[in-house]
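Enquirer: model this:
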Amino acid sequence: MDEMTQEWESQAEEEPEWEEEDWFEDLDSFSDISFSSCRTPSTTASSCDHPCEPQMHGERSNVSKRWDEAIGRADVMAKLYTKSTQSGEKREPKSKEKKVPDKLKMLAGSLRNKHNVKLLEQSLADGRQDSLRSFQMEFLEQFSPAICSGLRGIFRNEIMLRATPTNKSVYDRFRAQIQKKGSNLCPVFHGTNEANLPSIYAKGLLVPGGEQGVRVAHGASHGNGIYTAKTQNPGLSFGFCRGSTRPMLVCGVLDDAVPLARKYLLGNHYVTAESQHVRHVGDAIVVFDEGRVIPLFEAWDPGLHSTEPLVAAAAPPPPPAQPRLQPSLPPAKVYKGGPKTRLQPKPATREERVSAFLHRRASRIRSG
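Expert: The predicted model follows:
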């Protein structure tokens, strides 16, 4: 048995190693190997089933050869199976390293240090709509001083700022207008109810009375359009913010309004510039084309509205009772009324008046 083990080890050392790229090349040669030479214990008895005798040395060599062939076939099958399994797996390509996270961290740090604005970085690094996220970052980098200065005019605590999950169709509609010449991109604010935000992110800001069925909520004294506020007067939009946190939208507007040589009064404010799509009325910008305005960021002040239950303040203690002082002046004199005869009704007829006169005259005569 020791001789057989040494023979197997020597044959294993002489066999060439299998390379990964040669697995499929050896498939053809493997198909020529016949499994008929490999006997199973059920068809051919092994040498261990019989007593060992010296004359069975030839049979031992045959068993060793068949054993080596079986090991080789098993090795080939294992390698072919492993390679086919690995080739069937879908390997995702390694994503290229981007410098966007570092750039985003620098932008967030600058906003926090200069303006006390906390930018939620995850809203810009979610990996969806890379084109929109890049546009939002460029917009914030360019207009952050004006935006943060305006927000600081209405919010006193740390300001939270996050990118809006605007629908791709809304951004595509806005990007189509960007390609047209003669428009300037400018930041504006828009105030609305917090309950309207999901619809705004899905469909964009819509002109009231259109096909979408949006109704006029706060009047249209300066035209039927989308009302926004310039960054120098954010209070115009903040007055329309509703909800638990009263969030305000930071939007981008493609402004093609032409300054007027002579402004005119519209309502209570003067129109200083206008075009077919945009009108400047005081510190407000009214947009008549839905494709020229897009919500980009959402800002709110966490300290503006506390979610903690309010605790009623303790009632102040009642003031101590003041001692009642005795009056030092004498009591006022009470005057009685005049004679009671004045209150008696006068006789109505002449006979009654004559009788009363005679009665009084007789009384005076008797009294002397």
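
Enquirer: count of neighbours near L104?
Expert: Here the number of neighbours of L104 (other CB atoms under 10 Å) works out to 19. For glycine as for every other residue, the C-beta is placed from the backbone atoms N, C-alpha and C.

Enquirer: which secondary structure element contains E298?
Expert: Using DSSP states H and E, E298 sits within strand 293-300.

Enquirer: buried set for that strand?
Expert: Buried residues in strand 293-300, counted by 16 or more other CB atoms under 10 Å: V293, I294, P295, L296, F297, E298, A299, W300.

Enquirer: contacting residues around that strand?
Expert: With contacts defined as CB atoms under 8 Å, 6 or more residues apart in numbering, strand 293-300 is touched by 117, 135-136, 139-140, 147, 151, 155, 159-164, 166, 170-171, 174, 188, 190, 197, 200-201, 204-205, 226, 228, 245-254, 287.

Enquirer: how many residues are close by the closest residue to E194 other than its chain neighbours?
Expert: Nearest residue to E194 in three dimensions, chain neighbours excluded: G243, at 2.6 Å (CB to CB, 6 or more residues apart in numbering). Counted with other CB under 10 Å, residues neighbouring G243 total 14.

Enquirer: need the contact list for G243.
Expert: By CB under 8 Å, 6+ apart, G243 lies in contact with N193, E194, A195.

Enquirer: most neighbours of all the residues you listed, which one?
Expert: Among the contacts of G243, E194 has the most neighbours (other CB under 10 Å), with 15 neighbours.

Enquirer: that one reaches P247, doesn't it?
Expert: Yes - in this structure, E194 is within contact of P247 by CB atoms under 8 Å, at 5.9 Å.

Enquirer: mind listing what's buried in stretch 156-164?
Expert: I159, M160, L161, R162, A163, T164.

Enquirer: distance of the fourth one from E121?
Expert: So that's R162. Taking CB to CB, to the nearest Å as the measure, R162 and E121 are separated by 9 Å.

Enquirer: next: the first one.
Expert: Between I159 and E121 the distance, using CB to CB, works out to 15 Å.

Enquirer: again with M248
Expert: From M248 to E121 the distance is 20 Å (CB to CB).

Enquirer: show me which of the two is the more surrounded one.
Expert: Comparing M248 with E121 by other CB under 10 Å, the one with more neighbours is M248, at 26 against 15.

Enquirer: would you confirm that that one contacts C241?
Expert: Yes - M248 lies in contact with C241 (CB under 8 Å); the separation is 5.3 Å.

Enquirer: now S131, what's its secondary structure?
Expert: Look at S131: counting by DSSP: H, G, I helix; E, B strand; the rest coil, its state is helix.

Enquirer: which pLDDT value goes with it?
Expert: pLDDT for S131: 89.

Enquirer: pull the contacting residues for it.
Expert: Counting by CB under 8 Å, 6+ apart, S131 has contacts Y171, R175.

Enquirer: same check on C241?
Expert: So C241 contacts G191, T192, N193, E194, P247, M248 (CB under 8 Å, 6+ apart).

Enquirer: that one and P234: what is the separation?
Expert: For C241 relative to P234 (CB to CB), the value is 10 Å.

Enquirer: tell me, what's touching the two both at once?
Expert: M248.

Enquirer: is T228 in a bridge, and if so with what?
Expert: Under the criterion DSSP bridges, T228 forms beta bridges with I285.

Enquirer: give the rounded mean pLDDT of stretch 282-302.
Expert: Per-residue pLDDT over stretch 282-302 has a mean of 94.

Enquirer: which elements pack onto the helix or strand containing M106?
Expert: In the assignment (DSSP H and E), M106 maps to helix 100-115. With contacts defined as 3 or more CB pairs under 8 Å, 6 or more residues apart in numbering; DSSP states H and E, helix 100-115 has these neighbours: strand 117-119, helix 130-152.

Enquirer: L104: which of those is closest?
Expert: Nearest to L104, of all the helices and strands packed on helix 100-115, is helix 130-152, at 6.9 Å by CB to CB.

Enquirer: pairing partners for the helix or strand just after that closest one, with directions?
Expert: Counting by DSSP H and E, the next helix or strand C-terminal to helix 130-152 is strand 159-163. Counting by DSSP bridges, the strands paired with strand 159-163 are strand 117-119 (parallel), strand 293-300 (antiparallel).

Enquirer: just flag the most distant two among the contacts of C241.
Expert: N193 and M248 (11.5 Å).

Enquirer: JSON lines for the contacts of G243, including distance to A273?
Expert: Shown next, in JSON lines, are these (distance: CB to CB, whole Å):
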{"residue": "N193", "distance to A273": "29"}
{"residue": "E194", "distance to A273": "32"}
{"residue": "A195", "distance to A273": "33"}
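
Enquirer: flag the shaky bits of the stretch 51-200 of the chain, pLDDT-wise.
Expert: 51-63, 83-101, 126-128 (pLDDT under 70).
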